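1. Prediction below, plus the sequence it came from.
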Amino acid sequence: MRLIAQIGEWFDRRLQLAAPIREVVEHPVPKSTASWWYVFGSAALVVFLLQLVTGIMLAFIYVPSASEAWNSLQSLNHDVTLGWFIRALHGWGSNFMVAIVLIHMAQVFLFGAYKFPRELTWVVGIFLLLMTMGMAFTGQVLRFDQDAYWGLGIGASIASRVPVLGPAIVKLMLGGPIIAGATLSRFFALHVFVIPGMLIAFVGLHLLMVLKLGINEWPMPGRLVKRATYENEYHELTRKDGAPFVPYAVWKDLFFAAFIVLAVAACAAYFGPFGPTGQPDPTIIQTAPRPDYFFLWLYAVLSFLPPSMETPALLIGPVIVIGALLLLPFLSGEGEKSWRRRPIAVLTILLVAVTLATFTHLAGYTPWSPHMNAWSSDPIPARFLQHRNALERQGALVFQAKQCHNCHALEGEGGQRGPALDSVAVQLTEDQLIRQVIQGGGNMPAYGKNLSPAETTALVAFLQTLHPAGQAPARDASRAVAFGGSGENSSAVRPSGQP
Amino acid sequence: MLTDNTFTRRGLFMKMGILFNGLVVTALAVPIVRFLLSSVTRGRANRYLSWVSLGTVSQFPEGETRLAMFRNPYVMPTDGKTADTACWVRRIAGEQFQVFAINCAHLGCPVRWFPQSGLFMCPCHGGAYYQDGSRASGPPERGLFEYPYKIQDGLVSIQAGELPTPGASAALLGKKRPCA
């Protein structure tokens, strides 16, 4: 023991680090902060360290070349001992990292921790969030498969919409005129050198400020932040009701960090690595690219925005959101910290969480995309074909052959781009059906040029049989007067081929 | 230190040292910036675009739309398969063609041709186009991108070399379709 102490002393005489480290470790924190709510920041740091370690290990094998990257990922998955596990750790680590950073941010927001004097800590935190998202996107590109390739195309298409500079930004981003070798190499440089370097620097700054300014005390309703008095009040609090960070508060951080790393490892071991999906060969067009889960919400938003809104929303939206986040501590740097007295803050968090969750959920089954193979692989359910006459069955054939099924579902099978047609005959009359098929509209293409009159007649005859049993199809009341008979009969009989 | 106004030898040397470093940094910044922007400046001179052949006219039956492949004219040795590109060739009649980029005009996903319904459909956000490339439905703001083409010695060639994107399309692909 004496020898160890002597060696330690020898080093500390030269390094002089023991005193500052002891100061950091023993700095007093308000006792109220030794809470399970205060563990997310340290957990994010621990997952970041896990990402650094696993990332370096992946770089031992990974080849950042457009012609070799996919093969090297296959080697990692199948040849290299436990390569699949390291890939899975890195992939799941990234998912956990994004999630924990967002939870940490929500907690800081709800606890008013961004208020005076911690404004800059929040601003640096916003940059850390952006860098985390940057790591997530560039990391998805390094898994150089079909999703990565077309994901880059989506990124380039969005970037190209910047006025005037768009085309230049695209070439700068891709490193050339197309998505190719230079693109992967520069995303490798960003993912491995540029962004991690910045992350390390900013994490250091973030931590330094947490130490210098002290951890945010547990917010009490009615205890208002005032610039003139806050710092004295905080020091008073830590003096009267404080305890050294180690070991008073740190044990919860330790437990949670270990639990999170264990959870990442469990997910990695159970679910395995992500991809790679098909080879990044742009001539393979039978593909439905999908981003990783942290960008799914954006993927969904892009399908719902009206065309005219899209470019402004894509270019101005992020500026407004990031601007608002950066300005937040300067606009509400004083006052109430407790979420109990800040209903709008709580509602904002709930609204953002529900919105992101909804869009992410929608992107899981993409109701806006045609099912490219429904016309050839999803048959029309038998009950829609029983007791039908020849014309109506011919119409069902037209329905399949003209890919109507790709966008319209029957009994839940088929695309959801357009409305399900299980009971379309109740909603549209014969004339309305003909008009809709031929002229399209309401986001449906016009089929006038691609259907012969006979095909249209057959198709509409089939569509008119799509109504619940016991519920009559829609009919045009004026037609009864014009044809001088019962309107119900005329609409039911005419499609069967009788005049 | 620096606060007093006396002009010292050391003070002068320090200022000269800063100035000297500034000059070196500026001089080095020129090649560094030119290197970083090389992919942009090269494209500005339209050096990425050239004519590439898609095959003989007879490979494309009249009235049909077929998938064709070409190797991007500007390649690097490490590009691998990524330099291979697909496009849709529609032969209207005789030597009248339309050559569409594979990339959806919305966000660049690969569109697929369905001859039965005469539609191009995109798997990403549900964009659809008619057989002449014009927009049919969905989020795209315009029709499919078209490559300029020419017929020479029985070969169909297109002017290609850049990824078509919504923002760059007008400048990149030469002409803008009147109705797009």
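-> Yes, it's here.
2. what about the longest strand in chain B?
-> strand B:84-93 (DSSP state E).
3. which parts of it are buried?
-> For strand B:84-93, the neighbour count (16 or more other C-beta atoms under 10 Å in any protein chain shown) marks B:D84, B:T85, B:A86, B:C87, B:W88, B:V89, B:R90, B:R91 as buried. All C-beta atoms are positioned from the backbone trio N, CA, C, and that covers glycine.
4. For the first one, name its beta-bridge partners.
-> In this structure, B:D84 has beta-bridge partners B:R71, where bridges are defined by DSSP bridges.
5. Identify the residues contacting it.
-> For B:D84, the contacting residues are A:D281, A:P282, A:T283, B:M69, B:F70, B:R71, B:N72, by C-beta atoms under 8 Å, 6 or more residues apart in numbering or on different chains.
6. pLDDT and distance to A:I4 for the buried residues of strand B:84-93 - can I get that in CSV?
-> CSV is the format used below for the buried residues of strand B:84-93 (pLDDT from 0 to 100; distance: C-beta to C-beta, whole Å):
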residue, pLDDT, distance to A:I4
B:D84, 93, 63
B:T85, 93, 65
B:A86, 94, 67
B:C87, 95, 71
B:W88, 96, 74
B:V89, 95, 77
B:R90, 95, 80
B:R91, 94, 84
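7. And A:Q498, what's its pLDDT?
-> On the pLDDT scale, A:Q498 is placed at 40.
8. How is the chain divided into domains?
-> I'll assume chain A. Here the domain assignment for chain A is A:25-365, A:374-496, based on automatic domain parsing.
9. To clarify, I was referring to chain B.
-> Looking at automatic domain parsing, the domains of chain B come to B:9-36, B:50-172.
10. what about those, which gets the closest to A:G412?
-> For A:G412, the closest of those is domain B:50-172, at 18.3 Å, according to C-beta to C-beta.
11. Switch the domains of chain A over to CSV; also include distance to chain B and mean neighbour count.
-> Below are the domains of chain A laid out as CSV (distance: least, C-beta to the nearest C-beta, whole Å; neighbours: other C-beta atoms under 10 Å in any protein chain shown):
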stretch, distance to chain B, mean neighbour count
domain A:25-365, 3, 18
domain A:374-496, 4, 17
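12. Return the member of these having the minimum mean pLDDT.
-> Among the domains of chain A, domain A:374-496 carries the lowest mean pLDDT (a mean of 84).
13. returning to what we had before: alpha carbons of the longest strand of chain B, as PDB, please.
-> Extracted as PDB, the C-alpha positions of strand B:84-93 are listed here (Å, rounded to 0.1, in the frame of the first residue of the first chain):
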ATOM      1  CA  ASP B  84     -24.500   2.600 -62.300                       C
ATOM      2  CA  THR B  85     -27.700   4.500 -63.000                       C
ATOM      3  CA  ALA B  86     -31.100   3.500 -64.100                       C
ATOM      4  CA  CYS B  87     -33.600   5.500 -66.200                       C
ATOM      5  CA  TRP B  88     -37.000   5.000 -67.800                       C
ATOM      6  CA  VAL B  89     -37.100   5.200 -71.600                       C
ATOM      7  CA  ARG B  90     -40.400   5.800 -73.300                       C
ATOM      8  CA  ARG B  91     -40.400   5.500 -77.000                       C
ATOM      9  CA  ILE B  92     -43.500   7.300 -78.200                       C
ATOM     10  CA  ALA B  93     -43.200   6.700 -81.900                       C
END
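14. so after that strand, what's the next helix or strand?
-> Later in the chain than strand B:84-93, the nearest helix or strand by DSSP states H and E is strand B:96-101.
15. quick one, what contacts the spatially closest residue to A:M57 that is not a sequence neighbour?
-> Excluding the flanking residues, the one nearest A:M57 by C-beta to C-beta, 6 or more residues apart in numbering or on different chains is A:I86, at 5.1 Å. A:I86 makes contacts with A:T54, A:M57, A:L58, A:L76, as judged by C-beta under 8 Å, 6+ apart.
16. Next: A:G448.
-> Residues in contact with A:G448 (C-beta under 8 Å, 6+ apart) are A:I438, A:Q439.
17. okay but A:T277 is in contact with A:Q146, surely?
-> Yes. A:T277 lies in contact with A:Q146 (C-beta atoms under 8 Å); the separation is 5.1 Å.
18. mind listing the helices for chain B?
-> Taking DSSP state H as the criterion, chain B contains helices spanning B:9-36, B:38-44, B:169-172.
19. To A:I438, which of the ones you listed lies closest?
-> helix B:169-172 (30.6 Å).
20. How many residues are close by the closest residue to B:V75 other than its chain neighbours?
-> The shortest distance from B:V75 to any non-neighbouring residue, by C-beta to C-beta, 6+ apart, is to B:A83 (4.5 Å). A count of neighbours around B:A83, defined by other C-beta atoms under 10 Å in any protein chain shown, yields 22.
21. Chain neighbours aside, what residue packs nearest to A:D281?
-> B:K81 (4.2 Å).
22. Surely the one you found touches A:G181?
-> No. Using C-beta under 8 Å, B:K81 makes no contact with A:G181, being 10.6 Å away.
23. Mind listing the shared neighbours of those two?
-> Common neighbours of B:K81 and A:G181, using C-beta under 8 Å, 6+ apart, are A:A66, A:S67.
24. returning to that earlier point: let me know which of the domains of chain B is tucked in deepest.
-> Most buried of these, by mean neighbour count (mean count of other C-beta atoms under 10 Å in any protein chain shown): domain B:50-172, with a mean of 20.
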